[in-house]
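Novice: Could you look at this predicted model? Sequence included:
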Amino acid sequence: MSRDLILDGLNPQQKRAVKHTKGPLLVFAGAGSGKTRVIVHRVANLIIRGVSPKEILCLTFTNKAAGEMKDRLRAILGEEAPVWAGTFHAFGAWFLRQEASRIGYPSSFAIYDEADQRSLISKCLKELDIKPGRGMSGALAWLANFARDTMQDLNEIACGLPFDPYPVLALYEKRKRESHAFDFADLIFAPLTMLSSDEDLRDAYRSRFPYLLVDEYQDTNPAQYLLLMSLAGDGGNLCVVGDDDQAIYGWRGADVGNILKFRDDFPRAQVVVLEQNYRSTGAILEAASSLICHNRHRVPKDLKSVRGRGKEVAVREFTDDAMEAAGIAQAIEKLIASGASPDSIGVLYRVNSLSRVIEEAFAQWRIPYTVYRGTRFYENREIKDLLAYLRILVNPRDEEALARVINVPHRGVGEKTIDILRQYARDRRIPIAYAVGEAVIDRVVSGAQLKGLEEFHRIYAEIVCRAGMNDIASILGGILEVTGYEEALKTEPDGEDRVNNIRELIASTVDVRDIGRYLEEKSLMSRLDKDAGEERVSIMTLHMSKGLEFNYVFIPGLEEGILPHSRSMDTDRGIEEERRLLYVGITRAKKEVSLSWSKYRTIYGREEFQTPSTFLPEILQEDAPAVTELCAENS
DNA sequence: CCGAAAAAGATTTTT
DNA sequence: TCTTTTTCGG
């Protein structure tokens, strides 16, 4: 693409952002303001002006965003540009593959996800003779991550645990290191510590990537922020793009303050505010603005629509949640009957539990829908099991992976036996996977347990043998064959689905030579990128809707305790984030928004009396009186 | 070691 | 209500 085409069709603010090449740049990209376009065109502009693609580092939060960036760059430049684009965590993993030896890790390290982390933490609790209690390992995992994500000391964080978390997490760190594993927080934290303490290393990476670009900057946490600062240096060519009004991950340690104080960090920073909205109608933007204006900690913005006024935002009141769901179903049916495509419609709610009534109503009204739920493909048990077999091939010290599969399918190896094995390996300082064979020879257990161990040892040896000469898909197939896992699954209740998932995994496995890289990719990916955008209405949480758009948006459950959620209502910060959440939801819509609330709602099997959300009056404008309809439909 | 049963708790979840 | 996690008995 030629130089002038890069700026073609962009508005003045967008042009300013794209033309900027040197020094720090802050782009406030309001909802629907063509953010991705600006980012991609800016990168293309840098390349056309002679910056080597290899010198550009683009950091995002999701694989999807990174993929889209790369696709669109390829579309503009006509070829694959070797720009480094990926998530913060992928960058951390890439960095560590190269540099891990500096902190005593091999480059074949494992990456522990939340489940691995929780499981290791409960083992540490047991080892220290602390009675776990419900959800304790989850709370500790949260604490460990939150501490490193926010760069806080453990005892600075009030968590109300009945014991001192420090020894547990210290043991966790020790065990994790012995397993040559990093958890998600480490992928940011470890590179950060290495870069902060080693000036040469810092200089090396600074000169490797003189151009930095960060998407969704409002969602960076303190650790990511510091990592970025050590990569950027003082006068760095750092471009950050984000929208403080769409910061909805504070509860995970993200700090909106980062985007708000960018100008203090870089006084020379150019600032561009993208206020031209290409997505929504005027009425929708007006409602969104009048809502978000109630937040005190924000940069004022005035989104302008390029489309007409459009239909007013509707607020509907219902008697109970079933009627609300039926009302939404009915409205959607009407939309579809008048020609709207189901996949241009989204139902967005605060909590997953609201999906149920909606689903029931949709089933009744025969409305095709897809629920985007929390359960992610790679978190399915069967997928994790299969990948765990692969993990112990790459890293035989990976205790979590081994503990996961040594008794899958059942072969009589229980927790006790694993404990003995773990101790055995630790005493001899050998990888736990190698300890199995020796433990069998030493007869550390007897009877059924010994038989089980022997069997696992045989299986492991067989897999190791096959792994040497096959591609990954065949290795996976081999694992299924040798272990008899597929047959075992078929006897389970949901076995058929699980077997299908496994098939899907194998089918999607393209030949990568390096198993380690394959596993890295899988552990950093949440769902299989499969656009289920066929003729179906989308149902999801407000969080998941960020970055998407629909012609028609329905947001039910606008009640005190739900939106704003009861767990976020005590602080101003909490309320502001809830408000942003609703703002994100409303600004997903191109044509119409319908908000609703119910006087009665069944919550955890109990019928509760609800009051309308404080946010509703903030949206209502005097010239557009609330449309109150009582849905008389029976269910 | 495994299954059943009881108890407790139940936002959001980019990686 | 329903799911997850712990405990207890065979």
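Specialist: In hand now; what should we look at?
Novice: CA only for contacts and neighbour counts going forward, please
Specialist: Fine.
Novice: For the stretch 451-600 of chain A, what lies in contact range of DNA strand B?
Specialist: A:523-527, A:540-544, A:565, A:567-568 (Cα under 7 Å from any atom of the strand).
Novice: ok, now with 6 Å
Specialist: A:524-526, A:541, A:543-544, A:565, A:567-568 (Cα under 6 Å from any atom of the strand).
Novice: Equivalent analysis for the stretch 51-200 of chain A, please.
Specialist: Residues of the stretch 51-200 of chain A lying near DNA strand B (Cα under 6 Å from any atom of the strand): A:61-63, A:87, A:89-90, A:134, A:184.
Novice: so residue A:101 touches residue A:107, yeah?
Specialist: Yes: counting by Cα atoms under 8 Å, residue A:101 does reach residue A:107; the two are 7.0 Å apart.
Novice: Before we move on, what's the pLDDT of the closest residue to DNA strand B within chain A?
Specialist: Taking Cα to the nearest atom of the strand, DNA strand B has its nearest neighbour within chain A at residue A:414, 2.1 Å off. Note for residue A:414: predicted pLDDT of 86.
Novice: What of residue A:506?
Specialist: 90.
Novice: Return the residues in contact with it.
Specialist: A:473, A:476-477 (Cα atoms under 8 Å, 6 or more residues apart in numbering).
Novice: Out of those, which is nearest to residue A:140?
Specialist: Of all these, residue A:140 sits closest to residue A:476, with 33.7 Å by Cα to Cα.
Novice: Now do that closest one against residue A:384, distance only.
Specialist: In this view, residue A:476 and residue A:384 are 12 Å apart by Cα to Cα, to the nearest Å.
Novice: can you tell me which residues contact the closest residue to residue A:520 other than its chain neighbours?
Specialist: Nearest residue to residue A:520 in three dimensions, chain neighbours excluded: residue A:111, at 7.1 Å (Cα to Cα, 6 or more residues apart in numbering). Neighbouring residues of residue A:111 by Cα under 8 Å, 6+ apart: A:181-184, A:520, A:523.
Novice: next SSE after whichever strand or helix holds residue A:111?
Specialist: For residue A:111, the host element (DSSP states H and E) is strand A:110-112. Going down the chain from strand A:110-112, the next helix or strand is helix A:114-127, by DSSP H and E.
Novice: Outside of whichever helix or strand comes after that next one itself, list whatever touches it.
Specialist: Under the assignment DSSP H and E, the closest C-terminal helix or strand after helix A:114-127 is helix A:136-149. Helix A:136-149 is contacted by residues A:114, A:117-119, A:121-122, A:125, A:152-154, A:157, A:159, A:165, A:169, A:185, A:189, A:221-224, A:252-253 when judged by Cα under 8 Å, 6+ apart.
Novice: related to what we said a few turns ago, from what I see, the residue of chain A closest to DNA strand B and residue A:407 are in contact.
Specialist: Yes: the pair residue A:414 / residue A:407 is scored as a contact, 7.1 Å apart, by Cα under 8 Å.
Novice: Of the two, which one has the most company?
Specialist: Using other Cα atoms under 10 Å as the criterion, residue A:414 and residue A:407 rank with residue A:407 on top: 17 against 14.
Novice: Which residue ranges of the stretch 101-250 of chain A form helices?
Specialist: Assigned by DSSP state H, counting those that start in this stretch, the helices in the stretch 101-250 of chain A fall at A:114-127, A:136-149, A:165-178, A:184-197, A:199-208, A:222-232.
Novice: oh, I was asking about the stretch 251-400 of chain A
Specialist: Using DSSP H, counting those that start in this stretch, helices in the stretch 251-400 of chain A cover A:257-260, A:262-265, A:282-292, A:321-337, A:355-364, A:381-394, A:399-405.
Novice: Ok, which of those helices comes nearest residue A:51?
Specialist: Smallest distance to residue A:51 across these (Cα to Cα): 24.4 Å, for helix A:262-265.
Novice: buried set for the closest one?
Specialist: Residues of helix A:262-265 classed as buried by neighbour count (16 or more other Cα atoms under 10 Å): A:262-263.
Novice: before we move on, the earlier item: please identify which of residue A:101 and residue A:107 sits among more neighbours.
Specialist: residue A:107 (17 against 11).
Novice: Now the more buried one: closest residue in space that isn't a chain neighbour?
Specialist: Excluding its sequence neighbours, the residue lying closest to residue A:107 (Cα to Cα, 6+ apart) is residue A:97, at 4.7 Å.
Novice: Can you list the buried residues in the helix or strand containing the one you found?
Specialist: Using DSSP H and E, residue A:97 maps to helix A:88-99. By neighbour count with 16+ other Cα under 10 Å, helix A:88-99 contains the buried residues A:88-97, A:99.
Novice: Report the closest residue of chain A relative to DNA strand C.
Specialist: residue A:605 (3.5 Å).
Novice: While we're on that residue, how confident is the model there?
Specialist: At residue A:605, pLDDT is 86.
Novice: Can you report phi and psi for it?
Specialist: Taking degrees, to the nearest 10, you get phi 80, psi 0 for the backbone angles of residue A:605.
Novice: Quick check: which ranges of the stretch 251-400 of chain A have low pLDDT?
Specialist: A:374-375 (pLDDT under 70).
Novice: hang on, the earlier thing: of the residues of the stretch 451-600 of chain A next to DNA strand B, keep whichever come out buried.
Specialist: Here, 16+ other Cα under 10 Å leaves A:524-526, A:541, A:543, A:565, A:568 buried among these.
Novice: Which of those scores worst on pLDDT?
Specialist: The member of those with the lowest pLDDT is residue A:526, at 63.
Novice: what about the longest helix in chain A?
Specialist: helix A:447-467 (DSSP state H).
Novice: which parts of the helix or strand immediately after that one in the chain are buried?
Specialist: Using DSSP H and E, the next helix or strand after helix A:447-467 towards the C-terminus is helix A:472-483. Buried positions in helix A:472-483, judged by neighbour count with 16+ other Cα under 10 Å: A:472-476, A:478-480, A:483.
Novice: what do you get for stretch A:436-445?
Specialist: Buried residues in stretch A:436-445, counting neighbours by 16+ other Cα under 10 Å, are found at A:436-437, A:439-440, A:445.
Novice: For that stretch, report the contacting residues that lie outside it.
Specialist: For stretch A:436-445, contacts defined as Cα under 8 Å, 6+ apart pick out A:417, A:420-421, A:424, A:450, A:453-454, A:457.
Novice: Most neighbours among these, which one?
Specialist: residue A:453 (26 neighbours).
Novice: Could I get the contacting residues of that one?
Specialist: So residue A:453 contacts A:413, A:436, A:440 (Cα under 8 Å, 6+ apart).
Novice: Now, those residues that are in strands?
Specialist: Among the contacts of residue A:453, no residue falls in strands (DSSP state E).
Novice: now residue A:94: how far from residue A:112?
Specialist: According to Cα to Cα, residue A:94 stands 15 Å off from residue A:112.
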